[in-house]
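Peer 1: Return atomic coordinates for the entry below.
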Amino acid sequence: MRKLKFPSAQTILLVIAALVALLTWIVPSGKYDTLTYNAADNTFIRKSLETSIVIPAEQASLDELHIKIPLKKFTDGAITKPINIPNTYKETASNSQGFFEFAQSPIKGIIAASDIIFLVLIIGGLIGIMSLTGAFDAGIFWLVNKLKGKEYILIVLTTTLVALGGTTFGFAEETLAFFPILIPVFIAAKYDAMVGLACIFLGSSVGSMCSTTNPFSTIIASDAAGINWTTGLYGRILMLIICVTISILYILRYAKRIKKDPSKSLIYDQKEAMESHFSHLSKAEIVPLTGKLKLILLVFAACFIIMIIGVALLDWWFIEMTSVFLIGAIIIGFIAKINESDFVNAFSKGASELLGVAFIIGIARGVSILMDDALISDTVLYNASTLTEGMNKGFFVNTLFFIYNGLSFFIPSSSGMAVLTMPIISPLADTVGIGREIIVNAYQYGQGLFAFINPTGLILASLAIVKIGFDKWIKFVMPLVIVLVLVSMIMLTISVY
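Peer 2: Here you go, the predicted model:
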């Protein structure tokens, strides 16, 4: 009998989209009124279903709507997205999504996610040019020789640096650029691709989960909750240290086991295919690191450094990031003296390698579009907020942690989750006698932990780049998820007593 194969990421997401479409026939449609700041004429726009009214941008307007956010947060540009207004939820006419809406959702998702899709494709093109120059192989051989006998440093350093990026400026989508580059290094160091995936993805996820200065998580959530983002900062730093340490030890344990016995790898059946796909190291050819190749690697590294500086300090986003990688590919082509036709072919081939990833990103966005069009996300939020009424504070905060786990399936964006949920959920802290920073923590830990396995998040796109099945990732990561769930619950419980 032929062994059943676990479905691809694209199929998993299409099944989820179909289930969500069916869910829209069961879950009632509903909507909160929203408030948006209009900087052009210094007013608020209150939108209620099909009607909109303009109200003065004054603190009195916010107080009247029971929004505990200082006016300055709107006028300074800290909050730019529409926020939900408490106590305004109302059911609407059903907007169930049928077959045609389901069929259109991947297309709508691809269009909506075109910014990140183009980033991924341009990065693929850059990788194609780098592969043509031979600079990758030369750099990998040099690095592996330098780390001989101390390969564990690669795990500790990569996970720590990526986690620092996640906790400070929300290093998440940008990590997709690092998988094709770093996975060959881990394979050359006699680890498997799972170790490289874990270092990058878990580092980013744990960093974002324990955000300290991340503007897309901690700062925007604190603003929307009406508190200063530094409130509760020391507790988050402690949580970051604990969770990063646990994650590194978990990866090291797995890495040590497979280095000693490669057959223990969860992806041992893919060993030859992985080595063939990600590197030419199986040929055992020593590639000398010439001056020209060093310059190419320097330009390549500079692309990532410039991207990180731009995102962290200059408010760059996908257009600017994508442009950096495109310019980097062209400069490398000139340095390597690649003729025009070879450049175009290598760039196109590299981009095509990540086309499947682009489709995954689009289909995942399409799932969110189905929920938004059906107006069921606010219904889920409303029922979640009413569920916690009357609970004692210890039970309340842990229930909220799990609620945020579930909500992140419907709202995978951290900033979107913050502006939609905080005005509704944060006032509940006052009723149970806890600080609103604890609500922010429950939001961060809940959403961040579910991101480890959330199919509407980045994990399926990451797995597609690394060529690892979702089933194998679940098998690898679930023990760590369970440990971090327990750690989160303990930390949250301690914080309320």
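
Peer 1: C-alpha only now, for contacts and for neighbours.
Peer 2: OK.

Peer 1: what's in contact with stretch 288-303?
Peer 2: With contacts defined as C-alpha atoms under 8 Å, 6 or more residues apart in numbering, stretch 288-303 is touched by 133-136, 138-139, 142, 324-325, 328, 331-332, 335-336.

Peer 1: which two of these lie the greatest distance from each other?
Peer 2: Using C-alpha to C-alpha, the pair of those lying farthest apart is Trp142 and Val324, separated by 26.0 Å.

Peer 1: more neighbours, those two?
Peer 2: Val324 (20 against 15; other C-alpha atoms under 10 Å).

Peer 1: so who does the more buried one touch?
Peer 2: Cys303, Ile306, Met307.

Peer 1: With distance to Gly30 and neighbour count added, can I get those in JSON lines?
Peer 2: Shown next, in JSON lines, are the contacts of Val324 (distance: C-alpha to C-alpha, whole Å; neighbours: other C-alpha atoms under 10 Å):
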{"residue": "Cys303", "distance to Gly30": "45", "neighbour count": "20"}
{"residue": "Ile306", "distance to Gly30": "43", "neighbour count": "14"}
{"residue": "Met307", "distance to Gly30": "40", "neighbour count": "23"}
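
Peer 1: where's the nearest residue to Thr34 once chain neighbours are set aside relative to Pro215, distance?
Peer 2: Residue nearest to Thr34 in three dimensions, not counting chain neighbours: Asn84, with 4.6 Å by C-alpha to C-alpha, 6 or more residues apart in numbering. Distance from Asn84 to Pro215, counting by C-alpha to C-alpha, to the nearest Å: 19 Å.

Peer 1: Pick out whichever of the two has more residues nearby.
Peer 2: More crowded of Asn84 and Pro215, by other C-alpha under 10 Å: Asn84, with 25 against 20.

Peer 1: From Glu389, how far out is the more buried one?
Peer 2: 19 Å.

Peer 1: so of the contacts of Val324, which ones are in helices?
Peer 2: Cys303, Ile306, Met307 (DSSP state H).

Peer 1: where exactly do the strands run in the chain?
Peer 2: For the chain, the strands defined by DSSP state E cover 30-31, 34-38, 43-48, 51-56, 83-84, 90-91.

Peer 1: for those strands, which one ends up most surrounded?
Peer 2: Mean neighbour count (mean count of other C-alpha atoms under 10 Å) peaks for strand 83-84 among the strands of the chain, with a mean of 24.

Peer 1: Figure out how far that one is from the centre of its chain.
Peer 2: The chain centre lies 22 Å from the centre of strand 83-84; the measure is C-alpha atoms, centre = their mean, to the nearest Å.

Peer 1: so what strands line up beside that strand?
Peer 2: With DSSP bridges as the test, strand 83-84 is paired with strand 34-38 (antiparallel).

Peer 1: how about the CA coordinates for the partner strand, as PDB?
Peer 2: C-alpha atoms of strand 34-38 as PDB (Å, rounded to 0.1, in the frame of the first residue of the first chain):
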ATOM      1  CA  THR A  34     -14.200  52.500  14.300                       C
ATOM      2  CA  LEU A  35     -12.300  55.700  14.900                       C
ATOM      3  CA  THR A  36      -9.700  57.000  12.500                       C
ATOM      4  CA  TYR A  37      -7.600  60.100  12.900                       C
ATOM      5  CA  ASN A  38      -7.500  62.400   9.900                       C
END
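
Peer 1: For the residue nearest the centre of the chain, give its distance to Ser414.
Peer 2: Centre of the chain computed as the mean C-alpha position; nearest residue by C-alpha atoms, centre = their mean is Ala172, 4.3 Å away. According to C-alpha to C-alpha, Ala172 stands 11 Å off from Ser414.

Peer 1: ok, now Lys264?
Peer 2: In terms of C-alpha to C-alpha, Lys264 sits 36 Å off from Ser414.

Peer 1: likewise Leu13?
Peer 2: Distance, Leu13 to Ser414, by C-alpha to C-alpha: 20 Å.

Peer 1: Check Asp41 too.
Peer 2: 29 Å.

Peer 1: Which of the two has more residues huddled nearby?
Peer 2: Legend: neighbour count by other C-alpha under 10 Å for Asp41 and Ser414, higher for Ser414 (22 against 9).

Peer 1: correct me, but the more buried one touches Phe216?
Peer 2: Yes. With contact defined as C-alpha atoms under 8 Å, Ser414 reaches Phe216; the gap is 6.4 Å.

Peer 1: Between the two, which contacts overlap?
Peer 2: What both Ser414 and Phe216 touch, as defined by C-alpha under 8 Å, 6+ apart, is an empty set.

Peer 1: and the closest residue to Glu353 other than its chain neighbours, how many neighbours?
Peer 2: Spatial nearest neighbour of Glu353, excluding adjacent residues (C-alpha to C-alpha, 6+ apart): Gly124 at 6.7 Å. By other C-alpha under 10 Å, the residues close to Gly124 number 25.

Peer 1: Likewise for Ile360?
Peer 2: When neighbours are defined as other C-alpha under 10 Å, Ile360 has 29 of them.

Peer 1: do the same with the one 3 residues further on
Peer 2: Ile363 is surrounded by 28 other residues when neighbours are defined as other C-alpha under 10 Å.

Peer 1: Now do the same contact list for it.
Peer 2: Taking C-alpha under 8 Å, 6+ apart, we find Ile363 in contact with Gln10, Leu13, Leu14, Ser105, Pro106, Ile107, Gly109, Ile110.

Peer 1: show me what contacts the fifth one?
Peer 2: The one in question is Pro106. Gly362, Ile363, Ala364, Arg365, Gly366, Val367.

Peer 1: Just the buried ones from the residues you listed?
Peer 2: Gly362, Ile363, Ala364, Arg365, Gly366, Val367 (16 or more other C-alpha atoms under 10 Å).

Peer 1: Now do the nearest residue to Asp192 once chain neighbours are set aside against Cys199, distance only.
Peer 2: Nearest residue to Asp192 in three dimensions, chain neighbours excluded: Phe186, at 6.5 Å (C-alpha to C-alpha, 6+ apart). Distance from Phe186 to Cys199, counting by C-alpha to C-alpha: 10 Å.

Peer 1: since we're on the residue lying closest to Ile411 once chain neighbours are set aside, how many residues are nearby?
Peer 2: Sequence neighbours aside, Met417 is the residue nearest to Ile411 in space, at 5.8 Å (criterion: C-alpha to C-alpha, 6+ apart). Here the number of neighbours of Met417 (other C-alpha under 10 Å) works out to 22.

Peer 1: same deal with Leu238?
Peer 2: 12.

Peer 1: cool, the one 10 residues further on as well?
Peer 2: The criterion is other C-alpha under 10 Å. On that basis, Ile248 has 21 neighbouring residues.

Peer 1: is it true that it touches Val156?
Peer 2: Yes. Look at Ile248 against Val156 with C-alpha under 8 Å: they come within range, at 6.3 Å.

Peer 1: right, and Gly226 touches His66 too?
Peer 2: No. When contacts are counted by C-alpha under 8 Å, Gly226 is not listed as touching His66 (10.9 Å).

Peer 1: So for the two, which sits in the more crowded spot?
Peer 2: Per other C-alpha under 10 Å, whichever of Gly226 and His66 has more neighbours is Gly226, with 21 against 15.

Peer 1: what's the closest non-adjacent residue to the more buried one?
Peer 2: In this structure, Gly226 finds its nearest non-sequential neighbour in Ile69, 4.1 Å apart by C-alpha to C-alpha, 6+ apart.
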